[in-house]
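> Here is the input, now give the coordinates:
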Amino acid sequence: MTGEPANTSSTMVSLIGAQFSGALIPTSVTHLICYKFEGQKYVSGTKHPKIKLVNHRWLEDCLNEWKVMPEEHYSKRL
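Down below sits the predicted model:
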């Protein structure tokens, strides 16, 4: 993510005790948080089955519920 959504997401990620990475590094990234399921980073993420592709609502719900929510309700794969 870039711009304002990335800044908001990085803050939310920090609040739940996780680490935010702007770069998509398949060996260390577990989730790719997408505002929209499109773009170069999303397409790259689809090539790595270990990376869970979720929309921004997943992160919001994790923070609101204070637990990791099931990703399948927030995910989309090509």
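> Return the backbone torsion pair for I33.
Here is the backbone geometry of I33 (degrees, to the nearest 10): phi -90, psi 120.
> Spell out for me which residue occupies the centre of this structure.
I33 (2.0 Å; Cα atoms, centre = their mean).
> L53 sits in which helix or strand?
strand 52-55 (DSSP states H and E).
> which is the next helix or strand following that strand?
helix 56-65.
> what mean pLDDT would you report for that next one?
Averaged across helix 56-65, pLDDT comes to 92.
> Could you list the residues in contact with that helix?
5, 9, 12-13, 15-16, 31, 33-35, 68-69, 71, 73-75 (Cβ atoms under 8 Å, 6 or more residues apart in numbering). Glycine gets a C-beta too; all of them are placed from N, C-alpha and C.
> which two from those residues end up farthest apart in space?
L15 and S75 (21.9 Å; Cβ to Cβ).
> Count the neighbours of F37 for me.
17 (other Cβ atoms under 10 Å).
> mind listing what it touches?
Counted by Cβ under 8 Å, 6+ apart, F37 has contacts 53, 55, 76.
> please redo it, this time with the cut-off set to 7 Å
F37 is in contact with 53, 76, counting by Cβ atoms under 7 Å, 6 or more residues apart in numbering.
> Is it part of a helix or strand, or is it coil?
coil (DSSP: H, G, I helix; E, B strand; the rest coil).
> how far away is it from E65?
Separation of F37 from E65 (Cβ to Cβ, to the nearest Å): 22 Å.
> same question, K41
Counting by Cβ to Cβ, the gap from K41 to E65 is 26 Å.
> More neighbours: the two, which one.
K41 (15 against 9).
> before we move on, back to that, list the residues that contact the residue nearest to the centre of the chain.
Taking Cβ under 7 Å, 6+ apart, one finds 1, 9, 54, 56, 59 in contact with I33.
> Looking at the residues you listed, which is nearest G22?
Distances from G22 to these, taken by Cβ to Cβ, are shortest for M1, at 7.9 Å.
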